[in-house]
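In: sequence plus the predicted model coming up.
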Amino acid sequence: MKSVENPASAVAHALTDKTATRYRGRFAPSPTGVLHAGSLLAAMASYLDARAADGEWRVRMEDLDRPRCISGAADEILRQLESWGMHWDGEVIYQSQRDAHYDLAMQQLQHTGLVYPCSCTRREIASVAHAGVDGPVYPGTCRHGLKSGGQARAWRINTEEIAPVCYTDRIQGLQCQSLPNDVGDFVLKRADGLFAYQLAVVVDDALQGITHIVRGADLLDSTPRQRYLQTLLNYPSPEYAHIPVLVNSAGEKLSKQTQAPAVVAEKNPVPVLWRALGLLGQQPDKTLLDASRDEFWVWAVANWKLSAVSVGRGIQTDDRQYG
């Protein structure tokens, strides 16, 4: 059986690796369908920020939630990125193949005494919890032991006594969140036996040596949870930048759930890329529409300004223009 490197050792190796770049970004889509306009925007922003810094850009498939993943979607996403001219560095990794790493990190967290089993169902939690930034705030029902007759379903991390988690986002500015009041004790391992996103993404960012994360503002409220876990695991915290997400006329984030159409690059992807670059506040000249794909990227990298990206959580657009 192939041995699994201890996560802490792997992170230490990444920090002392003399060949490691000072900037390593990543794009981490979930293969629950092909990429749409919103995911193109996130991919472009992370790619340009990395290339403008002369850094590396990695791709990771966040196929952790196996039941929601669609067969063939991961391969199609990679084909889309290639057709747009966004070429990644290193191998593509898949979260579905990394449970052993998450399990080792879970064991490390259990040694802190902050991880505990929970028997509560979603319905039970919703009936007594107040609303937080990401649904009902877990009230700590099982924090000091399972209720009588209860059986462990999920595993949670105790946030009861921690101070507000604050950090400065490169786009959105100072962010502070009270995990006890806004989130509660969140899940590390789900009732179905799958590791939760918050744990997996922290482990993978550390093991890949990710230094900068550029992603959608829909994940802004997840960042304090991830920084809390990074502290407990003795991982470095990357720098974060959250771009506004595209929303439709109803104010809903463009996503697979809202039937956002796939972005079609066809033979000439430049018009699609040009529109996306404009939504990122970069003001590309119209003459760029006549450029080749490679010429487009040369201009976009040379003129990239993260400071030009608008502050806020959403940008309204008609995503049909991308179909």
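Out: Right, received. Where do you want to start? Residues are numbered from 1 along each chain as shown.
In: what residue, apart from its backbone neighbours, is nearest residue 214 spatially?
Out: The shortest distance from residue 214 to any non-neighbouring residue, by C-beta to C-beta, 6 or more residues apart in numbering, is to residue 46 (4.0 Å). Quick note: C-beta positions are derived from backbone N, CA and C, even for glycine.
In: tell me how far that neighbour lies from residue 170.
Out: Distance, residue 46 to residue 170, by C-beta to C-beta, to the nearest Å: 12 Å.
In: for this protein, just list every one of the helices.
Out: Residue ranges of the helices in the chain, as given by DSSP state H, are 7-16, 37-52, 73-84, 99-110, 122-128, 179-182, 197-207, 223-232, 270-279, 293-302.
In: of those, which stretch is the most buried?
Out: Most buried of these by mean neighbour count (mean count of other C-beta atoms under 10 Å) is helix 37-52; its value is a mean of 25.
In: elements contacting it?
Out: strand 24-27, strand 56-61, helix 73-84, strand 212-216, strand 239-243, strand 245-247, helix 270-279, helix 293-302 (3 or more C-beta pairs under 8 Å, 6 or more residues apart in numbering; DSSP states H and E).
In: 7 Å - rerun?
Out: Applying 3 or more C-beta pairs under 7 Å, 6 or more residues apart in numbering; DSSP states H and E, one finds that helix 37-52 contacts strand 24-27, strand 56-61, strand 212-216, strand 239-243, strand 245-247, helix 270-279, helix 293-302.
In: JSON lines for these, including mean pLDDT?
Out: Putting the helices and strands packed on helix 37-52 into JSON lines (pLDDT from 0 to 100) gives the following:
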{"stretch": "strand 24-27", "mean pLDDT": "98"}
{"stretch": "strand 56-61", "mean pLDDT": "98"}
{"stretch": "strand 212-216", "mean pLDDT": "98"}
{"stretch": "strand 239-243", "mean pLDDT": "98"}
{"stretch": "strand 245-247", "mean pLDDT": "90"}
{"stretch": "helix 270-279", "mean pLDDT": "94"}
{"stretch": "helix 293-302", "mean pLDDT": "97"}
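In: for residue 204, which of these is the nearest?
Out: strand 56-61 (6.1 Å; C-beta to C-beta).
In: contacts for the closest one?
Out: With C-beta atoms under 7 Å, 6 or more residues apart in numbering as the test, strand 56-61 has contacts from 21, 24-29, 31, 46-47, 50-51, 74, 81, 88-90, 92-95, 204, 208.
In: least reliable of the helices of the chain going by mean pLDDT?
Out: In terms of mean pLDDT, the lowest-scoring of the helices of the chain is helix 7-16 (a mean of 62).
In: closest one to residue 166 among the helices and strands packed on helix 37-52?
Out: strand 239-243 (12.1 Å).
In: that closest one to helix 270-279, inter-axis angle?
Out: Put simply, strand 239-243 runs at 110 degrees to helix 270-279, going by axes from the mean of the first three to the mean of the last three C-alpha atoms, to 10 degrees.
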